[in-house]
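Asks: My questions concern the predicted model and sequence given below.
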Amino acid sequence: MSIHSAVEKSSNKASNNYWSKYIGFGSQLLVGLLITLYVGKKLDEYFNHHSLFAWLTPSLFILFVLISVVRDTQRKK
């Protein structure tokens, strides 16, 4: 095994780790939206509303996620 192949494996591993963070976040976001949409539809059926909670719960989830991302990415003082 040469030094070149060891360096290449190391950089490839770091690249995969970099992308896996974003893939994980995207899948969590998708699953969260699907769950909140399902819960919203069930709440609409229970309270006899026409698409109120189906819009409200995913919107609140997106707002919560955006606030969370901004807080996590701000620089520490």
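Replies: Yes, it's here.
Asks: Please count neighbours and contacts with C-alpha atoms only from this point.
Replies: Will do.
Asks: check which helix or strand covers Asn17.
Replies: Using DSSP states H and E, Asn17 sits in helix 3-47.
Asks: Any idea how many residues pack against Ala54?
Replies: The local packing of Ala54 (other CA atoms under 10 Å) involves 20 other residues.
Asks: Report whether the expected contact of it with Asp44 is present.
Replies: Yes - here Ala54 reaches Asp44: they are 6.9 Å apart, a contact under CA atoms under 8 Å.
Asks: which neighbours do these two share?
Replies: By CA atoms under 8 Å, 6 or more residues apart in numbering, Ala54 and Asp44 have no common neighbours.
Asks: ok, now how distant is the residue nearest the centre of the chain from Asn48?
Replies: Central residue of the chain (CA atoms, centre = their mean): Leu29, 2.9 Å from the mean position. Distance, Leu29 to Asn48, using CA to CA, to the nearest Å: 28 Å.
Asks: quick one: contacts of stretch 58-69?
Replies: Gly32, Leu33, Thr36, Leu37, Gly40.
Asks: From Ser15, how far out is the first one?
Replies: The one in question is Gly32. Where Ser15 is concerned, Gly32 sits at a distance of 26 Å (CA to CA).
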